[in-house]
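Enquirer: need a 3D model of the following:
(one chain, ligands or ions: 1)
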Amino acid sequence: MPKQDPQMQRKVEHLFLAEKFFTDEAFADFDRVRLLHDALPELRVEDIDLSVDFLGKKMALPIYFNAITGGSKPSTRFNTELAQLAQKLDIPVSSGSMGVFLRLPETKDSFTVLRENNPDGFVMANVSGKANAEQAQQTVDLLHADALQVHLNALQELAMPEGDQSFFWLDNIKEIVENVNVPVIVKEVGFGMSQNDLQKLLAVGIKNVDISGFGGTDFAQIESARNNELDLTYLDRFSLSTVESLLETNRFQDKLTIFASGGIRTPMDVVKALRLGAKSVGMSGLVLHHLQKYSLSEAEIFFAEFVKQLKLIMAAIGAKSIDDIKKAPIVFDESLVNYAKQRQII
Ligand code: FNR
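Expert: Below is the predicted model of the structure:
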């Protein structure tokens, strides 16, 4: 691999800065929603079914490892471990952006480890809205991917000293969804999506979105740390939190399959995101933190406990299946009610 490639260098910096800024004390977004328990659950914990249909394939849990990395030595390690962990848990796993592979095909091994270490699992390729359909198909073919994520990262590009200054993505997305031979999910990278965005995506034929809101990994902060000249952390205030973005999807939930990510830290966050309409819930910062700070075997223990607690919360709200979660009563705090009113969601 070429040593000084700036895009590769940036990917490595993202990994380590994400860890530097990671905090267990997530932004209190999910605290604005209360889930009410069921005093008479009428169920046995061992009968609780956590499985979910993920774009046509049955997965064991309503969680997935979202896009993180590829294209460098450290990313080969992380993608290998992510794939192994995803295989153990029987959950989907995504590649980080494969733009580096399209430009430098010699980086392919850092991506293909995802498939080699998870031969029968659900693996997603990932490109930016800049990619055309042919390029997108190339990334799908490389990973024998089951789905393709197309990421929207305008705010991140604007915060990067070397970032793009021109954003014409809708035609590419339309072309991709019409021509690529697997389901397509359009995702944000931690700044959320609004009703306007969802409307535009629907109009070009998109059926699946990951709203990936603000509250966890913050690329305004990460890019500011890479940029010696400017502090651009205020850019995150443009953005929508994960809970706000989920509210924005309210009117679209019969037309779009909604996935949620951004700041997921606890099983309770997962259950709340599912209650607000997500089909499955993605995490990047949290799993990367466990792999960077600890180890693969520690991450395995962490996620085994995470799954146990997921069941415990489902028992407490009387949910025997993921679909049952949608029936649990919830209460919004004042700031969310205010948000929803102003956005004409309620
Ligand atoms: C990301 N994310 C990301 N997303 C994407 O679509 N393509 C990418 O290449 C990357 N790269 C990337 C690198 C690192 C180090 C992190 C932590 C994240 C964004 C990610 O998929 C997700 O949308 C956000 O990180 C929000 O989720 P978390 O991290 O708060 O769980």
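
Enquirer: show me which residues of the stretch 51-200 of the chain sit near the ligand.
Expert: With C-beta under 6 Å from any ligand atom as the criterion, the stretch 51-200 of the chain meets the ligand at residues 66-69, 96-97, 126, 149, 151, 187, 189-190. All C-beta atoms are positioned from the backbone trio N, CA, C, and that covers glycine.

Enquirer: want to throw those into CSV with pLDDT?
Expert: Converted to CSV, those look like this (pLDDT from 0 to 100):
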residue, pLDDT
Asn66, 98
Ala67, 98
Ile68, 98
Thr69, 97
Gly96, 98
Ser97, 98
Asn126, 98
Gln149, 99
His151, 98
Lys187, 98
Val189, 98
Gly190, 97
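
Enquirer: strands - which of those land there?
Expert: Using DSSP state E, the members of these that fall within strands are 126, 149, 151, 187.

Enquirer: and the residues you listed, which is closest to Gln165?
Expert: Nearest to Gln165 among these, counting by C-beta to C-beta, is His151 at 17.6 Å.

Enquirer: how close does whatever residue of the chain ends up closest to the ligand sit to Asp90?
Expert: In the chain, the residue that lies nearest the ligand is Gly216 (2.0 Å; C-beta to the nearest ligand atom). Taking C-beta to C-beta, to the nearest Å as the measure, Gly216 and Asp90 are separated by 24 Å.

Enquirer: ok, now Phe65?
Expert: For Phe65, the distance to Asp90 equals 12 Å [C-beta to C-beta].

Enquirer: which one's more surrounded, those two?
Expert: Phe65 (26 against 15; other C-beta atoms under 10 Å).

Enquirer: confirm for me that the more buried one is in contact with Ile91.
Expert: Yes - the criterion here is C-beta atoms under 8 Å, and Phe65 meets it with Ile91 at 6.8 Å.

Enquirer: helices of the stretch 201-346 of the chain, start to end?
Expert: Listed in chain order, the helices of the stretch 201-346 of the chain (DSSP state H, counting those that start in this stretch) span residues 219-226, 242-248, 267-275, 285-293, 296-316, 322-325, 334-342.

Enquirer: nearest to Asn117 among those helices would be which one?
Expert: Proximity to Asn117 (C-beta to C-beta) singles out helix 296-316 among the helices of the stretch 201-346 of the chain, at 10.9 Å.

Enquirer: quick one: residues in contact with that closest one.
Expert: 35, 37-38, 41, 43, 45, 48, 50, 61-62, 81, 84-85, 88-89, 266-268, 270-271, 287, 290-291, 294, 320, 324-325 (C-beta atoms under 8 Å, 6 or more residues apart in numbering).

Enquirer: and that helix with the ligand, contact?
Expert: No - Helix 296-316 is not in contact with the ligand by C-beta under 6 Å from any ligand atom; minimum separation 13.4 Å.

Enquirer: next, the angle from that helix to helix 285-293.
Expert: Helix 296-316 and helix 285-293 are oriented at 150 degrees to each other (axes from the mean of the first three to the mean of the last three C-alpha atoms, to 10 degrees).

Enquirer: quick one: buried residues of helix 296-316?
Expert: 296, 299-300, 303, 306-307, 310-311, 313-316 (16 or more other C-beta atoms under 10 Å).

Enquirer: could I get the residues you listed as a markdown table with pLDDT?
Expert: Listed next are the buried residues of helix 296-316 as a markdown table, based on pLDDT from 0 to 100:
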| residue | pLDDT |
| --- | --- |
| Leu296 | 98 |
| Ala299 | 98 |
| Glu300 | 98 |
| Phe303 | 98 |
| Phe306 | 98 |
| Val307 | 98 |
| Leu310 | 98 |
| Lys311 | 98 |
| Ile313 | 98 |
| Met314 | 98 |
| Ala315 | 98 |
| Ala316 | 98 |
